[in-house]
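Asks: coordinates for the following, if possible.
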Amino acid sequence: MSQHPTSPSLMAQQKTSYWPYYIIATFVLFAGYIGYMVQQAMRTSVDLVSADYYQQELRHGQRMAAVARTNALPAPVQVTLDAAAHRLTLELPAALRGQAVQGTLLFFRPSNQELDFKLPFQPTSEPARQQLNTSRLAPGLWRLRIEFTASNQPYFLEEVLSIEE
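Replies: Prediction:
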């Protein structure tokens, strides 16, 4: 007597394959992971625009114009650091001498905000120079931001200073 293909003894001999279940489980887990990531992305607050964005953009545009004006001077603003004498000398080019110059010097310490400070920029009339004592500056990297006006025109310059012990 021949056995019919659907008989129980023949079915017991066939191996059960779990691959379809693994593939389905992989797709379900992947879809769950993607759903979780979308949920996390929707919950994350991204504030790329500040409330005073327009004013910040105007200030940035003015700053860029001041940098361009400073770069267009016939000679650069001289920033000289004499580490041995603890002296920083700022000298304006001859094109700005004799003009009323007012501004600020911002000493910015990238590694420690508490060390930042401002000083007035008031160079002497001839030569247009200001000297500062650097003994109070902590050793390390500093950024000096010089903002000043001459003949009602704003100028801006940023220099990197390395103060040695």
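Asks: could you pull out the strands for the chain?
Replies: 78-82, 87-91, 101-108, 117-121, 129-133, 140-150, 153-163 (DSSP state E).
Asks: quick one: closest of these to Glu57.
Replies: strand 153-163 (16.3 Å; Cβ to Cβ). To be clear about C-beta, it is placed using only N, CA and C from the backbone, and glycine gets the same treatment.
Asks: now Glu91: how far from Glu158?
Replies: 17 Å (Cβ to Cβ, to the nearest Å).
Asks: the more surrounded of the two?
Replies: Taking other Cβ atoms under 10 Å, Glu91 and Glu158 do not tie; Glu91 has more neighbours (20 against 14).
Asks: residues in contact with the more buried one?
Replies: 77-78, 80, 123, 127-129 (Cβ atoms under 8 Å, 6 or more residues apart in numbering).
Asks: and those residues, which are buried?
Replies: Buried by 16 or more other Cβ atoms under 10 Å: 77, 123, 128, out of the contacts of Glu91.
Asks: any idea which of these is closest to Ser151?
Replies: For these, the nearest to Ser151 is Ala128 (12.7 Å; Cβ to Cβ).
Asks: which residue is the nearest non-sequential neighbour of that closest one?
Replies: Nearest non-adjacent residue to Ala128, counting by Cβ to Cβ, 6 or more residues apart in numbering: Leu92, 3.7 Å away.
Asks: report the contact partners of the one you found.
Replies: 77-78, 101, 123, 127-129, 150.
Asks: which of those lies closest to Gly61?
Replies: Ala150 (19.8 Å).
Asks: brilliant, that's me finished.
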